[in-house]
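**Student:** Sequence first, then the predicted structure, then my questions.
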Amino acid sequence: MGAREPSTPSRREALKLAGAAALGGVSVSLAGAAASARADAATILPGRISVTIGGVPVKGLESVVPFLSASASVEQPLPGSKETISEPGDLITHGAVITRLWTASSDWLEWRMSVVNGTVDRRNVIVKVFDTTGRVASSHVYGNCWVQEYTYPALHAHSHDPLTESITIRPERHTIQ
């Protein structure tokens, strides 16, 4: 065992701190031998986002990849010509992906399992985007969502990154306010 500076926690001490912090909604990652805490992302900072699912704020929010709506491109021949024109085809949609720091809670997995078990639990999801002054710049309202996909945290033996989990939601409707 190598010597460490007195102010630097051992790996075991840092892991204990990480476990206790996770229960309190704080993520701890190890950078070298030192532990650094990251504040709960549910605290709104200017220029940031917040997410509520069924009226409950998502703690430890890491990111949101918004709902994507696109159209396939269909090439149509121009009458009397060898040229074609591109027209919009079928609608292609992808659900919004919400990622948070992993917690001991199984609420997202249970929401996904309701779909697997045949009882679709639909919830409203609101994503608020704040401007640099801290005011709401826009709100994305995803109505009657169900969980299309749940992604467990990736476990890496030598990673110092915090664990995250994500869900892909499929809404019945999406409005921007």
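**Tutor:** Thanks, I have it.

**Student:** Quick check: beta-bridge partners of the nearest residue to Thr151 once chain neighbours are set aside?
**Tutor:** By the measure of Cβ to Cβ, 6 or more residues apart in numbering, the closest residue to Thr151 outside its immediate chain neighbours is Ser166, 4.5 Å from it. C-beta: built from backbone N, CA, C; applies to glycine. Per DSSP bridges, the residues bridged to Ser166 are Thr99, Thr151.

**Student:** Ser166 reaches Ile98, doesn't it?
**Tutor:** Yes - contact criterion Cβ atoms under 8 Å: Ser166 and Ile98 qualify, at 6.3 Å.

**Student:** which of the two has more neighbours?
**Tutor:** For Ser166 versus Ile98, neighbours defined as other Cβ atoms under 10 Å are more numerous around Ile98 (26 against 19).

**Student:** Report the mean confidence score over stretch 131-141.
**Tutor:** Stretch 131-141 shows a mean pLDDT of 88.

**Student:** Same check on stretch 84-102?
**Tutor:** So the average pLDDT for stretch 84-102 ends up being 84.

**Student:** where does the chain dip in pLDDT?
**Tutor:** Scanning the chain for pLDDT under 70 picks out 1-47.

**Student:** Mind splitting it into its structural domains?
**Tutor:** The chain is divided into the following domains under automatic domain parsing: 8-38, 41-176.

**Student:** Give the bridge partners for Leu68, please.
**Tutor:** Note on Leu68: beta-bridge partners by DSSP bridges are His94.

**Student:** what do you get for the one 5 residues further on?
**Tutor:** Note on Ser73: beta-bridge partners Pro88, judged by DSSP bridges.

**Student:** which residues does it contact?
**Tutor:** Ser86, Glu87, Pro88, Gly89 (Cβ atoms under 8 Å, 6 or more residues apart in numbering).

**Student:** which among these gets closest to Val64?
**Tutor:** Pro88 (26.4 Å; Cβ to Cβ).

**Student:** What is the burial count for that closest one?
**Tutor:** So Pro88, with other Cβ under 10 Å, has 10 neighbours.
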